[in-house]
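> here you go, sequence then predicted model.
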Amino acid sequence: MFLLKQILPAVLLAMAVAAGVEGLALWLGTSRAQRALMPVALGLGYFFGHCLITGWTPFPPTDTTNWLPYFGLAATGLGIFWRAFPKAAFAWVSLGLLAVCALRLLLEPKFRHGWAAGHGWIWVIVLGFGVALLGVILSALVRRSSAAIELPCVLLTVGAGSSGALMLSGSFLLGQFGAVLVGAICGALVFSGRGSKEIEGIAPVVSVLLGVLLLSGYFFADLPGPSALLLAGAPVLALIPTGRLSVLSGAGLRIGLVSLPVAAAVILAFRASPPLYY
Amino acid sequence: MKSSKLIAAAILCSLGLTAYGADTFKIDPVHSSVIFSVKHLGVTDFYGDFREISGTVSFDAADPTKSSVDITVPVEKIDTRNEKRDQHLKSPDFFNEKQFPTLTFKSTKVEGAGDTYSVTGDLTIHGVTKPVTVQFKKGAETKGQQGETRTGGEAKFTIKRSDYGMTFMNGPLGDDVNIILSLEGTKQ
């Protein structure tokens, strides 16, 4: 019960802020406003949810996990101008650069307490590429989702699985951040069902926040590497073509496929988890 | 003539430093402790300690304001007699050991005389540095079994963990952390 009390306010705040911004977008009515405000809803929702948990921390944050809300805002900026990039490659390079910068800040303690600079930069660049790849997958998913319910279901399955795996990784706090991301996604997509153009801007925000959260769990808690990989890679299964199935059946099958690696990741995290009840 | 004066001055200076300068004591981790207690569910305090401590205390009896304290405690050595709890305390929920592997205290001002000293310094926990002032009660100075000179003392003080960004489970776990710092050092 205490844990629920600890989680719920931040999740509800993230959801309310995101839904509020989306409501504003709907009220404004134009496609342009909706396109711009979708990533804002997600980024702001996460920002306020995260800050409710941690309180207002000084800038720059000493605990590098508290960079997350700022990474979310930076990715929001990218999401707003996502479609303004003349070439897709340029969009992905900008996401990759943002991810590399974010990971350099997140992993600063590893540079300080262990990694040699060259070794560390290899990690950061490879992982930044991974986060950009997650963005590519999510962007393709946004464009290809045939049923209105498919994208929210896929993102919520991956988000909830990530939150659960992070809690099992020995850090309830990281799990809470995962739950806040789920809340923000819920709020932002509550009015979804519109065209992919309006929601494409969420791809950089979700990929940066989810990627950085999973990497925080791997580097600073005890999230097993295979769990993090399964969770980050799960959305790719939602791109599998389902042939002649109806729209709803196809969506159901793909959501089911996505839930398999998510479940496996949670089981792996559970098996490796330090028992927190004492 | 000039060089002999210089040599004489150097000898006098070094004698003066020996007689009146600060003595440096290296903290003996076997006979020093950092013990803490936190209220659980508002019922009673549970206790824990850190099984390792290192650093130096520079003590100038003639002019205590020239004294200094520099202590480092590795978070990895936390011990609350429950392995699961220790693991949780090292996680990002509390000390975040992988990001902040040590706790440190560096004095900035020492005042007092005799047995009681007021030591002000920067306490860094969880990457957050805050000034604290503790009352340090000095113990006796004596010879150890190897003939080494030993001295030490104890300070008891309370901090708020939320001041250091550790807000997880604030409520069920008290915000006030009572700390006993007991130091013994050998003269270098």
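Structure received.
> what parts of the stretch 51-200 of chain A come near chain B?
Counting by CB under 8 Å from any CB of the partner chain, the stretch 51-200 of chain A comes close to chain B at A:54-55, A:57, A:62-65, A:109, A:113, A:170-174. No exception for glycine: its C-beta is placed from N, CA and C like everyone else's.
> just the buried ones from these, in PyMOL syntax?
Here is the PyMOL command that picks out the buried ones among these, judged by 16 or more other CB atoms under 10 Å in any protein chain shown:
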select buried, chain A and resi 54+57+62+63+64+65+109+170+171+172+173+174
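> what's the lowest-pLDDT member of the residues of the stretch 51-200 of chain A next to chain B?
Within the set of those, pLDDT is lowest for residue A:57 (79).
> tell me the SS of residue B:145?
coil (DSSP: H, G, I helix; E, B strand; the rest coil).
> list the contacts for the closest residue to chain A within chain B?
For chain B, the residue closest to chain A is residue B:127, as judged by CB to the nearest CB, at 3.5 Å. For residue B:127, the contacting residues are A:62-63, B:96, B:99-100, B:165, by CB atoms under 8 Å, 6 or more residues apart in numbering or on different chains.
> secondary structure class for the closest residue to residue B:144 other than its chain neighbours?
Leaving out its chain neighbours, the residue that sits closest to residue B:144 by CB to CB, 6 or more residues apart in numbering or on different chains is residue B:150, at 4.8 Å. Under three-state DSSP, residue B:150 falls in the strand class.
> what about residue B:150, how many residues nearby?
19 (other CB atoms under 10 Å in any protein chain shown).
> my guess is it meets residue B:183, correct?
No. With contact defined as CB atoms under 8 Å, residue B:150 does not reach residue B:183; the gap is 10.7 Å.
> determine which residue lies closest to the centroid of chain B.
residue B:71 (4.5 Å; CA atoms, centre = their mean).
> you'd agree that residue is in a strand?
Yes. Assessed by three-state DSSP, residue B:71 belongs to a strand.
> so it is in contact with residue B:27, correct?
Yes. Under the criterion of CB under 8 Å, residue B:71 makes contact with residue B:27 at 6.9 Å.
> what touches both of these two?
B:53-55, B:183.
> distance to residue B:79, secondary structure and neighbour count added to these, as JSON lines?
What follows is those, written out as JSON lines (distance: CB to CB, whole Å; DSSP: H, G, I helix; E, B strand; the rest coil; neighbours: other CB atoms under 10 Å in any protein chain shown):
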{"residue": "B:53", "distance to residue B:79": "12", "secondary structure": "coil", "neighbour count": "22"}
{"residue": "B:54", "distance to residue B:79": "16", "secondary structure": "strand", "neighbour count": "15"}
{"residue": "B:55", "distance to residue B:79": "19", "secondary structure": "strand", "neighbour count": "19"}
{"residue": "B:183", "distance to residue B:79": "18", "secondary structure": "strand", "neighbour count": "24"}
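> how about JSON lines for the residues you listed, with pLDDT added?
JSON lines is the format used below for those (pLDDT from 0 to 100):
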{"residue": "B:53", "pLDDT": "94"}
{"residue": "B:54", "pLDDT": "94"}
{"residue": "B:55", "pLDDT": "94"}
{"residue": "B:183", "pLDDT": "91"}
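> now those as CSV including distance to residue A:222?
Below are those laid out as CSV (distance: CB to CB, whole Å):
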residue, distance to residue A:222
B:53, 26
B:54, 27
B:55, 30
B:183, 34
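> okay, and the helix or strand of chain B with the least pLDDT?
Lowest mean confidence among the helices and strands of chain B (mean pLDDT, DSSP states H and E): helix B:2-20, at a mean of 48.
> what are the phi and psi values for the residue in the stretch 1-150 of chain A positioned nearest to chain B?
Nearest residue of the stretch 1-150 of chain A to chain B (CB to the nearest CB) works out as residue A:62 at 3.5 Å. Here is the backbone geometry of residue A:62 (degrees, to the nearest 10): phi -80, psi -40.
> report pLDDT for the residue nearest to it when sequence neighbours are not counted.
Among residues not flanking residue A:62 along the chain, residue B:127 sits closest, at 3.5 Å (CB to CB, 6+ apart). If you check residue B:127, the pLDDT there is 89.
> over to residue A:274?
For residue A:274, the model assigns a pLDDT of 69.
> low-scoring stretches of the stretch 101-250 of chain A, by residue?
For the stretch 101-250 of chain A, the stretches with pLDDT under 70 are A:145-148, A:192-198.
> ok, which stretches of it are helices?
A:108-112, A:117-144, A:150-168, A:172-189, A:196-199, A:202-220, A:225-233, A:247-272 (DSSP state H, counting those that start in this stretch).
> ok, which of those helices comes nearest residue B:175?
helix A:172-189 (16.4 Å; CB to CB).
> remind me what the closest one packs against, helices and strands.
Counting contacts by 3 or more CB pairs under 8 Å, 6 or more residues apart in numbering or on different chains; DSSP states H and E, helix A:172-189 packs against helix A:2-28, helix A:31-54, helix A:150-168, helix A:202-220.
> using PDB, list the CA coordinates for that helix.
What follows is helix A:172-189, C-alpha atoms only, in PDB (Å, rounded to 0.1, in the frame of the first residue of the first chain):
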ATOM      1  CA  PHE A 172      12.500   1.200  -6.600                       C
ATOM      2  CA  LEU A 173      13.300   4.800  -7.600                       C
ATOM      3  CA  LEU A 174      14.200   3.900 -11.200                       C
ATOM      4  CA  GLY A 175      11.000   1.700 -11.300                       C
ATOM      5  CA  GLN A 176       9.100   4.800 -10.300                       C
ATOM      6  CA  PHE A 177      10.600   6.800 -13.100                       C
ATOM      7  CA  GLY A 178       9.600   4.100 -15.400                       C
ATOM      8  CA  ALA A 179       6.000   4.300 -14.100                       C
ATOM      9  CA  VAL A 180       6.100   8.000 -14.600                       C
ATOM     10  CA  LEU A 181       7.000   7.500 -18.200                       C
ATOM     11  CA  VAL A 182       4.100   5.100 -18.600                       C
ATOM     12  CA  GLY A 183       1.800   7.700 -17.000                       C
ATOM     13  CA  ALA A 184       3.100  10.400 -19.400                       C
ATOM     14  CA  ILE A 185       2.600   8.000 -22.400                       C
ATOM     15  CA  CYS A 186      -0.900   7.200 -21.300                       C
ATOM     16  CA  GLY A 187      -1.800  10.900 -20.900                       C
ATOM     17  CA  ALA A 188      -0.200  11.900 -24.200                       C
ATOM     18  CA  LEU A 189      -1.900   9.200 -26.200                       C
END
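> what's near enough to touch residue A:15?
Residue A:15 makes contacts with A:45, A:183-184, A:186-187, A:190, as judged by CB under 8 Å, 6+ apart.
> re the thing from before, so what's the residue nearest to residue B:144 bridging to?
Beta bridges link residue B:150 to residue B:142, residue B:186, judged by DSSP bridges.
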